[in-house]
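Visitor: Build me a model:
(2 chains)
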Protein chains: 2
Amino acid sequence: MKTLNMYLGGDQMFRPEIKIMDCSIRDGGLINQWNFSDEFVRATYKGLCDSGVDYMEIGYKASKDQFDPKQFGKWRFCDDDDIRRIIDGIEPLTKLSCMVDIGRVEEKDIVPQTQSPFSMIRVACYIKEVNKAIELCNMIQDKGYETTVNIMAVSTNLEREIDEALDDLSRTSVPIVYVVDSFGAMYSEDVSFLVKKYQNALPGKTIGIHTHNNRQLAFSNTIQAIIDGANMVDGSVYGIGRGPGNCCVELLLGFLQNPKYKMRPILELIQNYYLPLSKEIEWGYIIPYMITGVRNEHPRVAIKFRDSEERDDYVKFYDKLTTPEPEIDCSK
Amino acid sequence: MKTLNMYLGGDQMFRPEIKIMDCSIRDGGLINQWNFSDEFVRATYKGLCDSGVDYMEIGYKASKDQFDPKQFGKWRFCDDDDIRRIIDGIEPLTKLSCMVDIGRVEEKDIVPQTQSPFSMIRVACYIKEVNKAIELCNMIQDKGYETTVNIMAVSTNLEREIDEALDDLSRTSVPIVYVVDSFGAMYSEDVSFLVKKYQNALPGKTIGIHTHNNRQLAFSNTIQAIIDGANMVDGSVYGIGRGPGNCCVELLLGFLQNPKYKMRPILELIQNYYLPLSKEIEWGYIIPYMITGVRNEHPRVAIKFRDSEERDDYVKFYDKLTTPEPEIDCSK
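Guide: Here you go, the predicted structure:
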């Protein structure tokens, strides 16, 4: 029987170019306002280093003029000193990343890379902001960091908009551009279409993939992106992430077959930290998020519903979203 | 952007030949020894009828000489009278099916179809028993039922064995043959390979697909089978089924786009019955089943482990399965 290995490399049983980016704390923080304890974050860093995961995204850099530190945990800001304390004494085998949003960070928040524990700063943007993202990336690169542009919610964009954004990106030195299925709305065919489009438009650049698990397709869509050539793949421990969460990093380790990756440290992290946390805050396959995924909608309406007393009244949620025709085709 | 619709049919937005088989009670019964209340089973039947699902597999037929009715619920036996009571008064829009295992049912347990509430009886077998399955199917067909052969655990068979079994099946009047990923070990490529092989070997027969969700691939593997031509697809409400469970029927309804299918009655079933049940008995994405899936092993060792006091000691389970080399590649 053929195996997926044939897609992964030539002579080898794996494709060494593929790098894993773990987003557990950054995307998981969207659930709990980044209120992870130092112990939790340190254990995650240690586990990822031991497992051979290439990058850990430990949170966002954001301006304290715009976000009140009383309302958000440390990993909303990622002060370099907080990061140094967390990683102190652990062999730094996993590179550190943080994310920035357009307009929510200032240049003064980003010191030269040689003075920072971070190797990479990723820029998340909507497609209409792609030129602002390029400008921010240029500044980040000038300071010595690796960088990426993650175009969010691309499942809602017209193809013309995507083509224009990719054309702009093709003229830059941004090395990595991500396909992001923010709404968990894509089927493998959509992923395939976009990864190929990004590759054709961006010769010489690396394509990344970030998926959401609304319909239990995060892992399979990531596999599809890998088959089509994506070499930077996002995951999170036990799938933690807002709403349905992300692609499980432990599933990626099982798939990629690169002997540098070890699953055992991730299993240890899950049993000691992520399984207990999953009893306190929720992520995973939850029906309202499945419904927003099917409908290609932002999960915010589902998040709000899950915070209300009628959180498990799925029919009410469905009716709400499908008004004025409550009983229309389930394909809508 | 292209859509998956192109795979589903010609002029229509959907492929009308595709039928859904719901296995909630039959496969879910493997968790609780088929101890579902009459109310639960009746609500499931009503919900499936309302949602337009084509078949409901309500349990197994089995000899009471071999299984003690004190130890198993009614749906281990599916006495016709029990079934009649359950469906009484509900418009019978969904056909009923039951499953039989080789050697666990006797001819006297199966009355002529005209005297039975069942339309279909499916035969599950391992590949070495395929000739016994054919014999049983012949008897079932002679009594007037629709029938299928479901070859289990095919991910562990040599290609030669599969070819021989398919060759034998090709000479029969068995109308439907299933690809079954019993161990949740297949990637989409494996599914594709097998569905195409079955189709080539079995001209004129319908190919079915039954998946397990060990690695969150049940839905995506079912989609792949549909793309490759499978027209009989198994699912279950909220994914209920032994261990990791099955492909969620609500996800199938969202995908198939056939206007005869309605998602709303399934959501109602989930919130009123399956969500509460999921707090009492477990199924879903659970690490020991993920590990048996990666390793292409029967889930029994994971089931036993989950019944023990060390149920959440995932590292211990991993070490147990990977002895004598606890820290070997996670790809193993």
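
Visitor: Export stretch A:192-201 to CSV, keeping only CA atoms.
Guide: Written as CSV, here are the backbone C-alpha positions of stretch A:192-201 (Å, rounded to 0.1, in the frame of the first residue of the first chain):
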residue,chain,number,x,y,z
SER,A,192,-5.7,22.6,-1.3
PHE,A,193,-6.9,25.4,-3.6
LEU,A,194,-5.5,28.1,-1.3
VAL,A,195,-2.1,26.5,-0.6
LYS,A,196,-1.5,26.0,-4.3
LYS,A,197,-2.6,29.6,-5.0
TYR,A,198,-0.3,31.0,-2.3
GLN,A,199,2.6,28.9,-3.6
ASN,A,200,2.1,29.9,-7.2
ALA,A,201,1.8,33.6,-6.2
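
Visitor: That stretch and chain B, any residue contact?
Guide: Yes. Contact between stretch A:192-201 and chain B, assessed by CB under 8 Å from any CB of the partner chain, occurs at residue A:193. Placement of C-beta: from N, CA and C, glycine included.

Visitor: For that stretch, which residues meet the burial criterion?
Guide: Within stretch A:192-201, the residues that qualify as buried are A:192, A:193, A:194, A:195, A:197, A:198, A:199, A:201, counting by 16 or more other CB atoms under 10 Å in any protein chain shown.

Visitor: Specify the local secondary structure of the second one.
Guide: So the one you mean is residue A:193. helix (DSSP: H, G, I helix; E, B strand; the rest coil).

Visitor: Just the pLDDT for the residue nearest to residue A:303 when sequence neighbours are not counted.
Guide: Ranked by CB to CB, 6 or more residues apart in numbering or on different chains and with sequence neighbours excluded, the top spatial neighbour of residue A:303 is residue A:243, at 6.4 Å. If you check residue A:243, the pLDDT there is 96.

Visitor: Closest to chain B out of the buried residues of stretch A:192-201?
Guide: For the buried residues of stretch A:192-201, the residue nearest chain B by CB to the nearest CB is residue A:193; the value is 5.9 Å.

Visitor: doesn't residue A:234 fall inside a strand?
Guide: Yes. According to three-state DSSP, residue A:234 belongs to a strand.

Visitor: How much space separates it from residue A:125?
Guide: 16 Å (CB to CB, to the nearest Å).

Visitor: Tell me which of these two has more neighbours.
Guide: The residue with more neighbours, out of residue A:234 and residue A:125 and counting by other CB atoms under 10 Å in any protein chain shown, is residue A:234; that gives 28 against 24.

Visitor: For that one, list each beta-bridge partner.
Guide: Beta bridges link residue A:234 to residue A:21, judged by DSSP bridges.

Visitor: Just the pLDDT at it, thanks.
Guide: pLDDT for residue A:234: 98.

Visitor: Surely it touches residue A:211?
Guide: Yes. The criterion here is CB atoms under 8 Å, and residue A:234 meets it with residue A:211 at 7.4 Å.

Visitor: list the residues that contact both of the two?
Guide: Any residue near both residue A:234 and residue A:211 by CB atoms under 8 Å, 6 or more residues apart in numbering or on different chains counts here, and that gives A:222, A:246, A:247.

Visitor: Would you reformat these as CSV and include pLDDT?
Guide: Formatted as CSV, the entries for these read as follows, by pLDDT from 0 to 100:
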residue, pLDDT
A:222, 98
A:246, 98
A:247, 98
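
Visitor: quick check, nearest of these to residue B:168?
Guide: Among these, residue A:222 lies closest to residue B:168 (CB to CB), at 38.7 Å.

Visitor: Stretch A:225-235: which residues count as buried?
Guide: Residues A:225, A:226, A:227, A:228, A:229, A:230, A:231, A:232, A:233, A:234, A:235 are the ones in stretch A:225-235 that count as buried (16+ other CB under 10 Å).

Visitor: okay, the residues you listed in JSON lines with distance to residue A:276 next?
Guide: Supplementary listing: the buried residues of stretch A:225-235 in JSON lines, determined by distance: CB to CB, whole Å:
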{"residue": "A:225", "distance to residue A:276": "31"}
{"residue": "A:226", "distance to residue A:276": "31"}
{"residue": "A:227", "distance to residue A:276": "35"}
{"residue": "A:228", "distance to residue A:276": "37"}
{"residue": "A:229", "distance to residue A:276": "38"}
{"residue": "A:230", "distance to residue A:276": "33"}
{"residue": "A:231", "distance to residue A:276": "34"}
{"residue": "A:232", "distance to residue A:276": "30"}
{"residue": "A:233", "distance to residue A:276": "27"}
{"residue": "A:234", "distance to residue A:276": "24"}
{"residue": "A:235", "distance to residue A:276": "20"}
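
Visitor: next SSE after the helix or strand containing residue A:122?
Guide: Following DSSP states H and E, one finds residue A:122 within strand A:120-125. Reading on from strand A:120-125 to the C-terminus, the next helix or strand found by DSSP H and E is helix A:130-142.

Visitor: Would you mind pulling the contact partners of the helix or strand following that following helix?
Guide: Next helix or strand after helix A:130-142 toward the C-terminus (DSSP H and E): strand A:146-151. Under the criterion CB under 8 Å, 6+ apart, residues A:95, A:97, A:99, A:119-127, A:130, A:133-134, A:137, A:140-141, A:162, A:165, A:169, A:174-180, A:208, A:210, A:232 lie in contact with strand A:146-151.

Visitor: Direction included, what does strand A:146-151 pair against?
Guide: In the sheet containing strand A:146-151, its partner strands are strand A:120-125 (parallel), strand A:176-180 (parallel), by DSSP bridges.

Visitor: and which of the shared contacts of residue A:234 and residue A:211 is nearest to chain B?
Guide: residue A:247 (8.7 Å).

Visitor: so how far is residue A:117 from that closest one?
Guide: According to CB to CB, residue A:247 stands 26 Å off from residue A:117.

Visitor: So for the two, which sits in the more crowded spot?
Guide: Comparing residue A:247 with residue A:117 by neighbour count (other CB under 10 Å), the higher total belongs to residue A:247, at 30 against 20.

Visitor: Pull the contacting residues for the nearest residue to that one once chain neighbours are set aside.
Guide: Counting by CB to CB, 6+ apart, residue A:218 is the residue found nearest to residue A:247 once chain neighbours are left out, at 4.0 Å. Under the criterion of CB under 8 Å, 6+ apart, the neighbours of residue A:218 are A:184, A:211, A:212, A:239, A:244, A:245, A:246, A:247, A:248, B:216.

Visitor: what about residue A:83, which SS state?
Guide: The three-state label given to residue A:83 by three-state DSSP is helix.

Visitor: How about residue A:58?
Guide: At residue A:58 the chain is in strand, as set by three-state DSSP.

Visitor: ok, how many other residues are close to it?
Guide: By the criterion of other CB under 10 Å, residue A:58 has 31 neighbours.

Visitor: For residue A:74, see how far away it is.
Guide: 9 Å.

Visitor: Just the helices from the stretch 201-332 of chain A, written as ranges.
Guide: A:218-227, A:249-256, A:264-269, A:275-278, A:287-294, A:300-306, A:314-322 (DSSP state H, counting those that start in this stretch).

Visitor: on contacts alone, who are the packing partners of the fifth one?
Guide: Here helix A:287-294 touches helix A:300-306, helix A:314-322, helix B:249-256, going by 3 or more CB pairs under 8 Å, 6 or more residues apart in numbering or on different chains; DSSP states H and E.

Visitor: Measure how the last one sits relative to helix A:287-294, angle-wise.
Guide: If I follow you right, that is helix B:249-256. Orientation note: helix B:249-256 sits at an angle of 10 degrees relative to helix A:287-294 (axes from the mean of the first three to the mean of the last three CA atoms, to 10 degrees).
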